[in-house]
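A.B. asks: sequence below, structure please.
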Amino acid sequence: MRVVVALAGAFVAALFAHIGIDAAGDYLLAHDTYDDHAHNSRYVASVAFLIAVLIAVYVYARAVVAETRGNRGALRAALRSSISASRVAFASIVAGLAMPLLLGMAWLDSLVAGIPVDDVTDLFGGSLALGIGMTVLASLMASLAVRSLVALVARFQRAIVRAAHALVHDAVTPVASDGCVLVRRTDDRELAFAFFTRCPGADRAPPVASIRVRPT
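C.D. replies: Alright, predicted model coming up:
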């Protein structure tokens with residue numbers, strides 16, 4: 001998880017650094033090499049970021065489900081394993097990953113456009129100072145945003161687990177009755193619960209719905 005979350009932050013940092021270099025280079029550089037071609041690599045970076053986010057959400061969701069099944073602390077452990085304890089260490093990891101990602105984005109754009117890369121300066125927009133400085137700045141901001149988001153989830157983790165527990169255990173409750181299975185589904189309407197009956201011994205019998213007044 002630490003690698004996935006760090007990669008998510010790095011993709012964000014590389015994407016915004018790429019945009020920032022392109023915008024600042026128009027005013028600060030005599031020749032902004034990012035102006036020589038289109039920037040399709042930004043779409044690639046955006047998709048990669050979304051994939052990393054989906055993986056993280058999936059892992060957190062599994063941790064929440066594990067807690068509803070009695071594995072206490074699963075979500076807390078998943079959150080703690082997502083980022084380094086030190087802010088400086090996490091920001092350094094994000095910056096270390098964002099730098100080659102930025103270079104890869106610029107190289108991909110040049111490759112697709114058929115423009116040769118003379119030296120590494122071209123991959124930084126035409127200026128090492130501008131490219132590295134913008135990447136470091138974007139990495140610091142991205143790492144801070146990621147840590148803040150994880151901290152926000154950690155702050156509400158109990159409420160998240162309680163809501164998931166209520167959804168899993170209260171919304172659907174199996175009850176055995178006379179060889180059939182009654183599944184209660186919570187309904188917030190005023191008068192009734194709906195019960196759906198399935199008899200495993202019956203031959204393709206459709207579910208039979210019965211209504212019971214909700215207890216007060």
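A.B. asks: what's the burial count for the residue lying closest to residue 102 once chain neighbours are set aside?
C.D. replies: Closest residue in space to residue 102, ignoring its immediate chain neighbours: residue 14 at 4.4 Å, by Cβ to Cβ, 6 or more residues apart in numbering. Where you see a C-beta, it was placed from the backbone N, CA and C, and this is true even at glycine. Per other Cβ atoms under 10 Å, the neighbour tally for residue 14 reads 30.
A.B. asks: wait, isn't residue 14 in contact with residue 101?
C.D. replies: Yes - using Cβ atoms under 8 Å, residue 14 is in contact with residue 101, at 3.9 Å.
A.B. asks: identify the contacts common to the two.
C.D. replies: Residues touching both residue 14 and residue 101 (Cβ atoms under 8 Å, 6 or more residues apart in numbering): residue 45.
A.B. asks: name the SS class of residue 160, please.
C.D. replies: helix (DSSP: H, G, I helix; E, B strand; the rest coil).
A.B. asks: ok, now residue 84?
C.D. replies: coil.
A.B. asks: tell me the SS of the nearest residue to it once chain neighbours are set aside?
C.D. replies: Spatial nearest neighbour of residue 84, chain neighbours left out: residue 90 (4.3 Å); criterion: Cβ to Cβ, 6+ apart. Classification of residue 90 using three-state DSSP returns helix.
A.B. asks: surely residue 90 and residue 148 touch.
C.D. replies: No - counting by Cβ under 8 Å, residue 90 stays clear of residue 148, with 11.6 Å between them.
A.B. asks: which one's more surrounded, those two?
C.D. replies: For residue 90 versus residue 148, the count of surrounding residues by other Cβ under 10 Å is larger for residue 90: 23 against 9.
A.B. asks: pLDDT score for that one?
C.D. replies: If you check residue 90, the pLDDT there is 93.
A.B. asks: contacts only, for it.
C.D. replies: 6, 83-84, 143, 146-147.
A.B. asks: could you redo the last one with a cut-off of 7 Å?
C.D. replies: Contacts for residue 90 (Cβ atoms under 7 Å, 6 or more residues apart in numbering) come out as 83-84, 143, 147.
A.B. asks: then residue 146?
C.D. replies: Residues in contact with residue 146 (Cβ under 7 Å, 6+ apart) are 5, 8-9, 83.
A.B. asks: pull the most distant pair out of these.
C.D. replies: Maximum pairwise distance in the contacts of residue 146, criterion Cβ to Cβ, is 10.8 Å, between 8 and 83.
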